[in-house]
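[1] Quick one, fold the following:
(one chain, ligands or ions: 1)
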Amino acid sequence: MPETKSYSGSCHCGAVTYDVELDVSGAIKCNCSICSRLGAVLAFAPKSKLTLKSGEDALVDYQFGKKRLHHRHCRSCGIETFAEGAMPDGTPTVAINLRCIDGMDVDKLSARPFDGRSL
Ligand SMILES: [Zn+2]
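    Presented below is the predicted three-dimensional model:
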């Protein structure tokens with residue numbers, strides 16, 4: 001059942017911290033070239049629901065392929081806590097790496113496979 005809750009997330013070294021309002025019932029496991037390397041389990045939210053508490057100056061932007069997404073990782077520890085992009089209607093959107101959310105047990109989520117490799 002869709003349910004939006006507030007979560008806190010961080011990178012490994014703690015430079016990047018944020019709060020985000022998310023519905024994790026739509027979580028996905030993507031098979032694209034970067035997600036498969038990261039082992040990321042993702043959930044999406046409007047960018048307006050993400051509050052960066054620290055680390056704006058620590059975030060590096062990485063892009064590849066069609067460059068539709070900005071993969072934001074910490075320059076110190078290298079962990080990608082989220083990516084930024086836009087929905088088809090243009091709404092700024094973030095894809096949150098649920099493995100970076102405090103206390104999140106991603107194995108208890110029924111994350112759906114997502115065929116990002118074919119996009
Ligand atoms: Zn870090």
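[2] Please report phi then psi for Val24.
    Note on Val24: backbone dihedrals following degrees, to the nearest 10 are phi -80, psi 0.
[3] How about the contacts made by it?
    Lys5, Ala43, Leu98, Met104, Leu109 (CB atoms under 8 Å, 6 or more residues apart in numbering). Backbone N, C-alpha and C define where each C-beta goes, glycine included.
[4] again, 7 Å this time
    Ala43, Leu98, Leu109 (CB atoms under 7 Å, 6 or more residues apart in numbering).
[5] Then Ala45?
    Val20, Glu21, Leu22, Val94, Ile96.
[6] What about the contacts of Val24, which are in strands?
    Judged by DSSP state E, the contacts of Val24 include Ala43 as members of strands.
[7] got the contacts of Val24 as CSV, with distance to Glu80 and pLDDT columns?
    What follows is those, written out as CSV (distance: CB to CB, whole Å; pLDDT from 0 to 100):
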residue, distance to Glu80, pLDDT
Ala43, 14, 96
Leu98, 12, 97
Leu109, 18, 92
